[in-house]
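K.L.:
what follows is a protein structure lacking sequence information:
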């Protein structure tokens, strides 16, 4: 029930994930240089990371900011377009979840789940796909790769992945499904 409340309820002041994403998208419709978009995307993504963990407050935010600054930096002076947005969000999913499909390196993702918890970590990923729904298949593919990587592992070893998958299913169902759960606020 906590997951449902999180993904349906208000998380950004008086906004749901969906409303907050719509406001962000309205802002990005203005003529905007790509480097400004990356700064705005960073602010959009980190808004609810006021947690006690020093790792998240400082190190994660710093890593995320530095990563976004390097993403397609040769395009920084161009105006934001659909291609730049899609590629940025795609690369962001790679950074957050899985760097390499052939050698599934996902320590950063495990670290996020360990420090933020599965609900907030999935909330971060939800924010990305709400502003760029074209990368949803990429997100699902990354989870499929992780699932296949751990399919013969013990439940104890893969418990973090089970929790992440459960929360991802709830996040996708509540934000992209047809059931109206708005009464849960």
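P.N.:
Done, it's in. Here the structure is a predicted model, which means the values were calculated and not measured.

K.L.:
hang on, isn't residue 78 packed against residue 35?
P.N.:
No - contact between residue 78 and residue 35 fails when scored by C-beta atoms under 8 Å: they sit 9.1 Å apart. Using the backbone N, CA and C atoms, a C-beta is placed for each residue, glycine as well.

K.L.:
more crowded one of those two?
P.N.:
Neighbours per residue, other C-beta atoms under 10 Å: of residue 78 and residue 35, the larger number sits with residue 35, 17 against 14.

K.L.:
OK, contacts around residue 41?
P.N.:
When contacts are counted by C-beta atoms under 8 Å, 6 or more residues apart in numbering, residue 41 touches 24, 68, 88, 131.

K.L.:
now whichever helix or strand the second one is part of: mean pLDDT?
P.N.:
Going back to what we said before, that points to residue 68. Here residue 68 sits within helix 61-70, counting by DSSP states H and E. Per-residue pLDDT over helix 61-70 has a mean of 94.

K.L.:
next SSE after it?
P.N.:
Trace forward from helix 61-70 with DSSP H and E and the next one is helix 82-96.

K.L.:
pull the residues that contact that following helix.
P.N.:
Contact with helix 82-96 is made by 28, 34, 37-38, 41, 64, 67-68, 71-72, 75, 78, 108-109, 112, 124-125, 128-129, 131-132, 134-135, 138-139, 142, as judged by C-beta under 8 Å, 6+ apart.
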